[in-house]
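Participant: turn this into a structure:
(one chain, ligands or ions: 1)
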Amino acid sequence: MEQFALDAITRVTTAPPEVYDTISVDPLTPTIGAEVSGVDFSKELTEDQVAEVRRAFLRHQVLVFRDQELDNETHKRAAGYFGELHPVALPAKDSDPHVLEISADKDSRNVAGHGWHADGTADLQPSLGSMLYITRTPEVGSGGDTMFANMTLAYDMLSPAMKEMLDGMTAVHDGLLAWEGKTPPPEYDVPKHVHPVIARHPETGRKLLFVNNIYVSHIEQLSRRESRAVINMLCDHIASTALLHCRVRWTANTLVFWDNRCVQHHAIWDYFPHSRYGRRVAIKGHRPTA
Ligand code: SIN
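Facilitator: Coordinates of the predicted model:
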């Protein structure tokens, strides 16, 4: 591995250890993800707990809370500790406008999030983060894991020359691409916005790679052919650099909270024709800036 990539990993693996008083945090990997215990979201959290969860969130980007008993109200309250709720883009009739049902079974021909992406990046203000609560895992006893990838480390591991080229570039994120040739319903105002290719995390100040395979149509400053090659190269870097990843194995009633500003995820659909069911609540974010 090149020295600049080793330097990037070293910065993560030699960060000073964290100390928490009200929660326990057990990292899933040195680069991304942690299991958190000592939090019961069915009860009100103390200010200290919320502050420590927030600190762990900024450090690990993906937090896993096992054995949570949540209905829609306590699920929304849990997300509400970290900001205003982000409404569902196309809510199902009579459903809660802030709760997205995630479900797959023998009749599914596609599932939400099967492919590396961050949520809703074609929006002007993509969400800050999501809390996904899986209540039913596939009957086979395994499958339906979700993978997550660290976009600050993905940026840090690029060569200095590549960083210099990408800095200042902008990419078009087109919501229509996620429909894969199907026609969205007429009431859906399909979002399409331009965001920096290299964005900055609004809280940590860290630079991060902000392109994904589902929404990005092209990089504005490049020819179409150059743009396709660069997007493919960056998405391949994200998908095939295993040290950027963690993989969450769901058990029923697990809640996972990820930072949508600096994390991509991929829901693995390896359990067809079995079923998986859950609910997702998202938190409002800001327009990404360079
Ligand atoms: C998604 O939010 O993209 C779905 C993730 C999952 O079902 O694991």
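Participant: what residue in the stretch 151-290 of the chain comes nearest to the ligand?
Facilitator: residue 267 (3.4 Å; CB to the nearest ligand atom). All C-beta atoms are positioned from the backbone trio N, CA, C, and that covers glycine.
Participant: report how many residues lie close to that residue.
Facilitator: 19 (other CB atoms under 10 Å).
Participant: show me the contacts for it.
Facilitator: 111-114, 144, 146 (CB atoms under 8 Å, 6 or more residues apart in numbering).
Participant: skipping adjacent residues, who's closest to it in space?
Facilitator: residue 113 (3.8 Å; CB to CB, 6 or more residues apart in numbering).
Participant: isn't the one you found right up against residue 265?
Facilitator: Yes: with contact defined as CB atoms under 8 Å, residue 113 reaches residue 265; the gap is 6.4 Å.
Participant: if we can go back for a sec, among the contacts of residue 267, name the ones in helices.
Facilitator: With helices defined by DSSP state H, no entry of these lies inside them.
Participant: among these, who's most crowded?
Facilitator: Highest neighbour count within the contacts of residue 267: residue 144, with 24 neighbours (other CB under 10 Å).
Participant: for that residue, give me its contacts.
Facilitator: 104, 134, 137-138, 250, 267-271, 276.
Participant: name the nearest residue to it, ignoring sequence neighbours.
Facilitator: Once flanking residues are discounted, residue 144 sits nearest to residue 276: 4.3 Å by CB to CB, 6+ apart.
Participant: who touches that neighbour in this structure?
Facilitator: Contacts of residue 276 (CB under 8 Å, 6+ apart): 102-105, 111, 134, 136-138, 143-144, 250.
Participant: residue 289: which of the residues you listed is nearest?
Facilitator: Comparing the contacts of residue 276 against residue 289 with CB to CB places residue 102 closest, at 29.7 Å.
Participant: distance of whatever residue of the chain ends up closest to the ligand relative to residue 25?
Facilitator: Relative to the ligand, the nearest point of the chain is residue 113 (2.2 Å; CB to the nearest ligand atom). Using CB to CB, to the nearest Å, we find residue 113 at a distance of 25 Å from residue 25.
Participant: please work out the average pLDDT along the strand or helix carrying residue 193.
Facilitator: Per DSSP states H and E, residue 193 falls inside strand 192-196. Strand 192-196 comes out with an average pLDDT of 98.
Participant: residues contacting it, please?
Facilitator: 121-124, 168-176, 210, 220, 287-290.
Participant: okay, now the sheet partners of that strand, with direction.
Facilitator: For strand 192-196, the paired strands and their directions (DSSP bridges) are strand 170-174 (antiparallel).
Participant: show me which positions of the strand it pairs with end up buried.
Facilitator: Residues of strand 170-174 classed as buried: 170-174 (neighbour count, 16 or more other CB atoms under 10 Å).
Participant: quick one: which of those residues is nearest to residue 35?
Facilitator: Nearest to residue 35 out of the buried residues of strand 170-174 is residue 173 (CB to CB; 31.7 Å).
Participant: what sits against that closest one?
Facilitator: Contacts of residue 173 by CB under 8 Å, 6+ apart are 121-122, 191-195, 215-217.
Participant: which of the residues you listed count as buried?
Facilitator: Counted by 16+ other CB under 10 Å, the contacts of residue 173 give 121-122, 191-193, 195, 215-217 as buried.
Participant: can you redo those residues as CSV with distance to residue 44?
Facilitator: Shown next, in CSV, are these (distance: CB to CB, whole Å):
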residue, distance to residue 44
121, 33
122, 35
191, 35
192, 40
193, 36
195, 36
215, 36
216, 40
217, 44
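Participant: format those as JSON lines; extra columns: distance to the ligand.
Facilitator: Formatted as JSON lines, those follow (distance: CB to the nearest ligand atom, whole Å):
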{"residue": "121", "distance to the ligand": "12"}
{"residue": "122", "distance to the ligand": "14"}
{"residue": "191", "distance to the ligand": "16"}
{"residue": "192", "distance to the ligand": "20"}
{"residue": "193", "distance to the ligand": "19"}
{"residue": "195", "distance to the ligand": "18"}
{"residue": "215", "distance to the ligand": "12"}
{"residue": "216", "distance to the ligand": "16"}
{"residue": "217", "distance to the ligand": "20"}
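Participant: tell me the residues of this protein that contact the ligand?
Facilitator: By CB under 6 Å from any ligand atom, the residues of the chain that approach the ligand are 102, 112-113, 119, 130, 132, 146, 265, 267, 280.
Participant: restricted to strands, list these.
Facilitator: Counting by DSSP state E, the part of the residues of the chain next to the ligand found in strands is 102, 130, 132, 146, 265, 267, 280.
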